[in-house]
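**Q** Whatever this is, show me its structure:
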Amino acid sequence: MMILVSYDVRTEAVAGRRRLRRVARVCLNYGQRVQKSVFECRVNQAQYEALERALLAEIDLNEDNLRFYQLTEPLTKHVKEFGVFRAVDFENDSLVV
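**A** Got it, this is the predicted structure:
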């Protein structure tokens with residue numbers, strides 16, 4: 001499944017800036033950044049649940065906001081993209097590790 005993760009972390013305090021870095025790091029383990037606080041992640045159900053648990057462990061529910069959106073496939077039919085962002089095509093691009 002393809003999900004969109006967006007978050008808003010309060011960064012006035014040092015602890016908030018630390019949370020922001022940790023949240024981004026968790027998201028990078030599951031997908032790619034498409035905007036500063038928005039990630040597209042192609043995951044299975046178990047990975048989705050692990051991602052949700054990991055992010056909920058990082059954010060402060062009293063100060064931050066976290067949202068998950070499940071995107072409808074095929075993305076080419078339901079997602080319009082404009083501008084210079086170059087996304088990785090997980091279906092057709094090769095990934096060397």
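
**Q** now the strand or helix carrying residue 53: mean pLDDT?
**A** Applying DSSP states H and E as the criterion places residue 53 in helix 45-58. On average, the pLDDT along helix 45-58 is 98.

**Q** Name the residues of that helix that come out as buried.
**A** 47-48, 51, 54-55, 58 (16 or more other Cβ atoms under 10 Å). To be clear about C-beta, it is placed using only N, CA and C from the backbone, and glycine gets the same treatment.

**Q** Counting by contacts, list what it packs against.
**A** strand 2-8, helix 14-28, strand 38-42, strand 65-71 (3 or more Cβ pairs under 8 Å, 6 or more residues apart in numbering; DSSP states H and E).

**Q** what's the closest of these to residue 82?
**A** Among the helices and strands packed on helix 45-58, the nearest to residue 82 by Cβ to Cβ is strand 38-42 (14.8 Å).

**Q** okay, the angle between that closest one and strand 65-71?
**A** 40 degrees (axes from the mean of the first three to the mean of the last three Cα atoms, to 10 degrees).

**Q** what's strand 38-42 in contact with?
**A** 1-6, 27-28, 30-34, 47-48, 51, 71, 87, 90 (Cβ atoms under 8 Å, 6 or more residues apart in numbering).

**Q** returning to that earlier point: centre of the chain to the helix holding residue 53, how far?
**A** 11 Å (Cα atoms, centre = their mean, to the nearest Å).

**Q** Mean pLDDT added to the helices and strands packed on helix 45-58, as a markdown table?
**A** As requested, those are exported to a markdown table (pLDDT from 0 to 100):
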| stretch | mean pLDDT |
| --- | --- |
| strand 2-8 | 96 |
| helix 14-28 | 97 |
| strand 38-42 | 95 |
| strand 65-71 | 95 |
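
**Q** Any idea which of those gets closest to residue 81?
**A** strand 38-42 (10.5 Å).

**Q** Report the strands that pair with the closest one, each with its relative direction.
**A** Taking DSSP bridges as the criterion, strand 38-42 pairs within the sheet with strand 2-8 (antiparallel), strand 31-35 (antiparallel).
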